[in-house]
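**Student:** Sequence and predicted model, in that order:
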Amino acid sequence: MEAAETEDLPLAERTIVLVGLMGVGKTTVGRRLAALLRLHFTDADHAIEEAAGCSVSEIFARFGESAFRDGERRVIARLLEGPRLVLATGGGAFMDPRTREAIKARGVSVWLKADLNLLMDRVGRKGNRPLLKTADPRATMERLIAERYPIYAEADLTVESRDGPHDRVVRAIIQALQQAGALPKDLQI
């Protein structure tokens, strides 16, 4: 599809793309959002794992982050070309300029923003975060916040992810999408 054609895609037909750091709740919130909107949900990391035939951690260990990011870019571009859905991206996906451009052309990006303490509490529950397999995961997360938050701020919408029920975040996303014109204002959910 020509770039001019994709830029004219109405907001109400664009994929809803959740961006933000690991632990912010993109997958959990994305599933609930998709269910309420009666859209398909896809987690980009799971789609990458299916395409590669191995886990994200294995891709990082065997081939490195650069190879993972190349595959991530291709998978996200393919998903954006398909029918409208709710797409949860990996924490680093939006950092890639080509991926951001594809999301801007075919999606409505929603940055789920959270503070350091909440993120550390959430990622501490799982040991499967390749970028946090360091001597000081908190310092790594602080560095990621400093590097990524200015880029995430380029997202179309920002919604705070707070401690508490995920349904509150889902409702805040729906309200932000309605205000932006990506969902009907009179949508009954």
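**Tutor:** Sure thing, it's come through.

**Student:** Got phi/psi on residue 85?
**Tutor:** phi -160, psi 180 (degrees, to the nearest 10).

**Student:** How far away from the center of its chain is stretch 76-83?
**Tutor:** Chain-centre distance of stretch 76-83: 14 Å, with CA atoms, centre = their mean, to the nearest Å.

**Student:** average pLDDT for that stretch?
**Tutor:** Taken as a whole, stretch 76-83 has a mean pLDDT of 96.

**Student:** repeat for stretch 147-155
**Tutor:** 97.

**Student:** Can you give the contact residues for it?
**Tutor:** Contact partners of stretch 147-155, identified using CB atoms under 8 Å, 6 or more residues apart in numbering, comprise 19-21, 91-92, 94-95, 100, 109-111, 113, 158. For every residue, glycine as well, the C-beta is placed using N, CA and C.

**Student:** What about these, which are in strands?
**Tutor:** 19, 109-111, 113, 158 (DSSP state E).

**Student:** could I get the residues you listed as JSON lines with distance to residue 176 and pLDDT?
**Tutor:** Conversion of those to JSON lines gives the following (distance: CB to CB, whole Å; pLDDT from 0 to 100):
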{"residue": "19", "distance to residue 176": "13", "pLDDT": "98"}
{"residue": "109", "distance to residue 176": "11", "pLDDT": "98"}
{"residue": "110", "distance to residue 176": "7", "pLDDT": "98"}
{"residue": "111", "distance to residue 176": "10", "pLDDT": "98"}
{"residue": "113", "distance to residue 176": "12", "pLDDT": "97"}
{"residue": "158", "distance to residue 176": "8", "pLDDT": "98"}
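
**Student:** Just flag the most distant two among those.
**Tutor:** 109 and 113 (12.3 Å; CB to CB).

**Student:** what residue ranges in the protein score low on pLDDT?
**Tutor:** Within the chain, the segments meeting pLDDT under 70 span 1-7, 124-132, 134.

**Student:** Would you state the helices of this structure in chain order?
**Tutor:** Secondary structure of the chain, counting by DSSP state H: helices at 3-7, 26-37, 44-52, 56-63, 65-81, 97-106, 116-123, 137-152, 166-180.
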